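A.B. asks: Generate coordinates for the sequence data below:
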Amino acid sequence: MSSFGIMTLSLENEKSYITEIAKFGEATGFNVYQFVPSSYNPLTEKVSGKVFDKDKNAWYKQDFPIPAFLYDRCYYQEDAHSRQCKNIVEWLKQKEDTVFIGNGLPNKLKLYDVLKASKLNAYIPKSKPVLSAEELLEELSFINPIMIKPINGSQGNGIYFIKEQNSCIHVRTDKKAKHVEHIFSDKDKFSRWLAQLLQKNDYFSQVYLPLCTAQKQPFDIRSLLQKNEQNTWEIVEKGIRLGTEGRIISNLSAGAAVIPFKEWLETAPYKMKSFIETEIDDILTTLPPILEQTFPALFELGVDIGITENGSLWILDVNSKPGRKVILQAYPDLSGKLYRAPLAYAAMLRDGQRRNSNEKTLFY
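C.D. replies: Just a heads-up that it's a prediction; the model follows:
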């Protein structure tokens, strides 16, 4: 049996997803482990984590060597522990006896820069770093309203809608169960607020895109792409995230509903149906090769696409560590395929290594 390790920043993260993956370990020829990168002990060359026992359907704590195949599910932030884990993961990528089934993508601004220079540039909102409150206020005088997003953000956290109206600056954000709005009566107060925000995280700005329904519900299309056992990309499925009226994002954490893509497409204007479906599939087919020409090899992608009322499509986000809630809620029959996929891909890489080794032996 080969060893397959799933890395997270905490052993409590994504428990149900990781357990469902582990259930396919024996069938694909893997012992499945979970560990936090910072638990690595350079003296013993082992990590502390959990190993899955299929017979008892349970995890057990254990110290073990670094598994041969690794699946990075760490959502790095700006804190010290994230930086420590990220450094260890980068070191692991240099080891000859470890294989990552996929690599991460850089921050969102670097990603946008690459896509802006590609054939997908027409679908990329204009983006620039937020360097100071003064600069953003100047930009707001030309582009109003505007969105600011954390460069290393995930799951819709830390996104702000900013609009200048009646000599006041309105700032709105979604925080899970509630919608929060601040109104700054003068620009100095707004500048102090933004300066404090920029001390915590790096941000970039984008023009506000009205990506909502006629009922003012924000919505977008979440697509899941993965490499299959033939090492080729496939579009697993697409689902619609439909947010609560008046919200600025359509994330599930903010209360969004999920609709199968085909079901939603039936409600679109007749003349737009074929265009939307063809255009989205063209984007999703074109995207992975562009990314892999610039960045290390990937295994999966979550791609968020927005549509304005006039049918314009925009790539909102590309995530190399996508969640699966949207696809699983919209298509529960795909659960087995989704949980098995990381191990199946690792098995393809493992068997390819064995074939290459045998070929070299025979050649010599």
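A.B. asks: So which residues of the stretch 201-350 of the chain form strands?
C.D. replies: 203-207, 219-227, 233-242, 257-260, 300-307, 313-319 (DSSP state E, counting those that start in this stretch).
A.B. asks: any idea which of those is most buried?
C.D. replies: strand 219-227 (a mean of 23; mean count of other CB atoms under 10 Å). Heads up, the C-betas are built off the backbone N, CA and C, glycines and all.
A.B. asks: what angle sits between that one and strand 300-307?
C.D. replies: Computed with axes from the mean of the first three to the mean of the last three CA atoms, to 10 degrees, the direction of strand 219-227 lies at 150 degrees from that of strand 300-307.
A.B. asks: Dump strand 219-227 to CSV, restricted to CA.
C.D. replies: Output of strand 219-227 as CSV, limited to C-alpha atoms (Å, rounded to 0.1, in the frame of the first residue of the first chain):
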residue,chain,number,x,y,z
PHE,A,219,-25.5,35.2,-8.1
ASP,A,220,-22.6,33.5,-9.8
ILE,A,221,-21.7,30.3,-11.5
ARG,A,222,-19.3,27.9,-9.6
SER,A,223,-17.6,25.4,-11.9
LEU,A,224,-15.4,22.5,-10.6
LEU,A,225,-12.7,21.3,-12.9
GLN,A,226,-10.4,18.3,-12.2
LYS,A,227,-7.9,16.1,-13.9
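A.B. asks: If you average the pLDDT over that strand, what comes out?
C.D. replies: Averaging pLDDT along strand 219-227 yields 94.
A.B. asks: Give the residue spans of the stretch 151-300 of the chain that score low on pLDDT.
C.D. replies: Applying pLDDT under 70 to the stretch 151-300 of the chain picks out residues 154-156, 176-177, 213-214, 246-255, 270.
A.B. asks: And for Ala347, the neighbour number?
C.D. replies: The number of residues packed near Ala347 is 21, by other CB atoms under 10 Å.
A.B. asks: can I get the strands of the stretch 201-350 of the chain in JSON lines with distance to Ile162?
C.D. replies: What follows is the strands of the stretch 201-350 of the chain, written out as JSON lines (distance: least, CB to CB, whole Å):
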{"stretch": "strand 203-207", "distance to Ile162": "9"}
{"stretch": "strand 219-227", "distance to Ile162": "20"}
{"stretch": "strand 233-242", "distance to Ile162": "23"}
{"stretch": "strand 257-260", "distance to Ile162": "27"}
{"stretch": "strand 300-307", "distance to Ile162": "18"}
{"stretch": "strand 313-319", "distance to Ile162": "17"}
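A.B. asks: So for Ser48, which of the ones you listed sits nearest?
C.D. replies: Of all these, it is strand 300-307 that lies closest to Ser48, at 27.0 Å by CB to CB.
A.B. asks: Lovely, talk soon.
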